[in-house]
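J.: The following block contains a protein sequence and its predicted model.
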Amino acid sequence: MTPTDRTHRTVDVLVIGAGPAGLAVAARLAAAGVDRVEVLEREQRAGGIPRHCDHTGFGLRDLRRVMTGPDYARHLIAAAIRAGAVLRTGVTATGWAAPRTVDITGPTGLERITATAVVLATGARERPRSARLVPGTRPAGVLTTGQLQQAVHVHHQSVGHRAVIVGAERVSYSAVATLRRAGAEVAAMVTDQPRHQTHPARHLGTRLRHGVPLITDATVAELTGRERLESVRLRHRDGRTAAIGCDTVVFTGDWIPDHELARSAGIALDPGTRGPATDAEFRTGEPGVFAVGNLLHPVETADIAALDGRFAAAPVLRHLAGVPWTPGPLPVRVEAPLLWISPNRLTPDGPRPPRGRFTLRTTRFLTRPVLTVSQDGRTLHRGRLASTAAPNRPFHLPADWIAGADAHGGPVRITAD
């Protein structure tokens, strides 16, 4: 088939990804009067991760109420459609034919869509066992949280009788609840950190309700079993090894952005987040291409991703109105043990990030660290964090210093002491 066999259409805004961020930006743009807002989703159902998270905790920050994941997904879908956005599922963006021109494939065949603005909302995914380079056999019973939740909540499948969870962050505790609902025993949670990385109340509640032990300072050294998983061998930081008998292991967290489409467009990626480098207005280095949600900060809660979508609507509208494309020229870099910062480009005389702050991650626990912002040896900000910064949890840096940065200077650097 040649390119001439493709159906070629134009739209005002093309949103790629129908999770919370993509649905929220589409709803806001359509409600603002943008005529042709189209949302593409490669899965058969829209809604993203929340649609197979059958527990509460969704919608607090954006909707000011608490909902289950499926209810939250349905709410966002209905809002986008009600506002006038066109939502298409089972459609995959396969590449770029030109700037802001995307080739797609779906139930109706091959298409080529040109948009005035493209919003990438492709989200993030957990690293599976293969990407973590865990040795051993390749039996059944090896899952990520996403695979577990789809199996239990969407397909109503059995997931085994006794499980080990690798990870002790927020999503790991969601995996505990899913396994218990499926009738499986959770033998242990395992983390390479010295303690859990969720809120203390949630950890305590899990210990009291389900009696799940937490094994710290340990990694998975090997999986054993032929047709079905039989055990997980752990290696402790002091060199000791131990095996836990189980027929299921769930690898949780360790998120990476779904950045393949952005990368294929030649969009610059930030070395920390590994998602598109963006400024405070969600602009990438490619004119007319925006990025939102957990593609930028892997990974925040669904309501934070949805708020990203809401905030991104205003910059997209300005682009549609013909405002010149001038993304932030200054890169913002972090130094170890900090892992990444978002947004990671800035314009000194431009707007502050949404909510007036930057979001950061660290690789290890930092007790009330002092965060220092500098450029070319000049200190722009120095302040102590009010609480402990923990791996796999967000913490924030106020953005009131950005006006002091030199637009013609070197990168802005963030350190933690």
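T.: That came in fine, so what should we check first?
J.: tell me the domain ranges of this structure?
T.: 3-125+256-327, 128-250, 345-416 (automatic domain parsing).
J.: Using JSON lines, lay out these together with distance to residue 334, mean pLDDT and mean neighbour count.
T.: The C-beta positions use only the backbone N, C-alpha and C, and glycine is treated the same way. As requested, the domains of the chain are arranged in JSON lines below (distance: least, CB to CB, whole Å; pLDDT from 0 to 100; neighbours: other CB atoms under 10 Å):
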{"stretch": "domain 3-125+256-327", "distance to residue 334": "6", "mean pLDDT": "97", "mean neighbour count": "21"}
{"stretch": "domain 128-250", "distance to residue 334": "18", "mean pLDDT": "96", "mean neighbour count": "17"}
{"stretch": "domain 345-416", "distance to residue 334": "5", "mean pLDDT": "97", "mean neighbour count": "17"}
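J.: nearest to residue 337, of those?
T.: When the domains of the chain are compared by CB to CB, domain 345-416 sits nearest residue 337, at 4.7 Å.
J.: from the middle of its chain, how far away would the closest one be?
T.: Here domain 345-416 is found 20 Å from its chain centre; the criterion is CA atoms, centre = their mean, to the nearest Å.
J.: related to what we said a few turns ago, would you reformat the domains of the chain as TSV and include distance to residue 336?
T.: Listed next are these as TSV, based on distance: least, CB to CB, whole Å:
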stretch	distance to residue 336
domain 3-125+256-327	11
domain 128-250	16
domain 345-416	7
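J.: So which residues of this structure form helices?
T.: Taking DSSP state H, the helices of the chain run over residues 20-31, 60-63, 69-83, 145-149, 170-181, 200-210, 260-264, 302-320.
J.: Could you export those as a markdown table, including distance to residue 229?
T.: Formatted as a markdown table, the entries for the helices of the chain read as follows, by distance: least, CB to CB, whole Å:
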| stretch | distance to residue 229 |
| --- | --- |
| helix 20-31 | 33 |
| helix 60-63 | 36 |
| helix 69-83 | 27 |
| helix 145-149 | 13 |
| helix 170-181 | 14 |
| helix 200-210 | 21 |
| helix 260-264 | 29 |
| helix 302-320 | 30 |
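J.: Out of these, the one nearest residue 354 is which?
T.: Taking CB to CB as the measure, the helices of the chain were each checked against residue 354, and helix 302-320 came out nearest at 4.1 Å.
J.: list the helices and strands that closest one packs on?
T.: Contact here means 3 or more CB pairs under 8 Å, 6 or more residues apart in numbering; DSSP states H and E; on that basis helix 302-320 packs against strand 7-16, helix 20-31, helix 60-63, helix 69-83, strand 109-120, strand 289-291.
J.: wait, which of these is closest to residue 202?
T.: helix 60-63 (14.2 Å).
J.: and the closest one, C-alpha only, in CSV?
T.: Backbone C-alpha positions of helix 60-63 (Å, rounded to 0.1, in the frame of the first residue of the first chain) are rendered in CSV as follows:
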residue,chain,number,x,y,z
LEU,A,60,-9.9,14.2,44.8
ARG,A,61,-7.7,17.0,43.4
ASP,A,62,-9.4,17.7,40.1
LEU,A,63,-13.1,16.8,40.9
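J.: Hmm, residue 219 is touching residue 233, no?
T.: No. The pair residue 219 and residue 233 fails to qualify as a contact (CB atoms under 8 Å) at a distance of 10.1 Å.
J.: Show me the beta-bridge partners of residue 415.
T.: Here residue 415 shows beta-bridge partners residue 372, assigned using DSSP bridges.
J.: what's the answer for residue 283, then?
T.: With DSSP bridges as the criterion, residue 283 is bridged to residue 290.
J.: Would you quantify the distance from the residue nearest to residue 21 when sequence neighbours are not counted to residue 51?
T.: Counting by CB to CB, 6 or more residues apart in numbering, the nearest residue to residue 21 once its immediate chain neighbours are dropped is residue 293, at 2.7 Å. Taken as CB to CB, to the nearest Å, the spacing of residue 293 relative to residue 51 amounts to 15 Å.
J.: which residues touch the residue nearest the centre of the chain?
T.: Central residue check for the chain by CA atoms, centre = their mean: the C-alpha nearest the mean position is that of residue 294, 2.8 Å away. In this structure, residue 294 makes contact with 19, 21, 123-124, 255, 257, 300, 305, judged by CB atoms under 8 Å, 6 or more residues apart in numbering.
J.: run the last query once more with 6 Å
T.: Residue 294 is in contact with 123-124, 305, counting by CB atoms under 6 Å, 6 or more residues apart in numbering.
J.: can you check residue 342 too?
T.: Under the criterion of CB under 6 Å, 6+ apart, the neighbours of residue 342 are 273, 296-297, 359.
J.: From residue 79, how far off is it?
T.: Residue 342 sits 25 Å away from residue 79, taking CB to CB as the criterion.
J.: ok, now residue 228?
T.: For residue 228, the distance to residue 79 under the criterion CB to CB works out to 43 Å.
J.: Show me the contact partners of stretch 314-324.
T.: The set of residues external to stretch 314-324 that reach it, using CB under 6 Å, 6+ apart, is 32, 116-117, 281-282, 290.
J.: go on, stretch 403-411?
T.: The set of residues that contact stretch 403-411 without belonging to it, under CB under 6 Å, 6+ apart, is 331, 333, 348, 375-376, 380, 412.
J.: which pair in these spans the largest distance?
T.: Looking across these, with CB to CB as the criterion, the two at the greatest separation are 333 and 348, at 16.0 Å.
J.: picking that back up, dump the contacts of stretch 314-324 to TSV, plus distance to residue 416.
T.: TSV is the format used below for the contacts of stretch 314-324 (distance: CB to CB, whole Å):
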residue	distance to residue 416
32	39
116	41
117	36
281	26
282	26
290	30
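J.: List just the nearest of these to residue 191.
T.: Within the set of the contacts of stretch 314-324, residue 282 lies nearest residue 191; the separation is 32.6 Å, counting by CB to CB.
J.: thought the closest one was touching residue 290?
T.: Yes. With contact taken as CB atoms under 6 Å, residue 282 and residue 290 are classed as touching, separated by 4.6 Å.
J.: Name the residues contacting each of those two.
T.: Both residue 282 and residue 290 are contacted by residue 312, under the criterion CB under 6 Å, 6+ apart.
J.: Would you quantify the distance from the nearest residue to residue 234 once chain neighbours are set aside to residue 400?
T.: With sequence-adjacent residues excluded and distances taken as CB to CB, 6+ apart, residue 234 is closest to residue 218, at 4.7 Å. According to CB to CB, residue 218 and residue 400 sit 41 Å apart.
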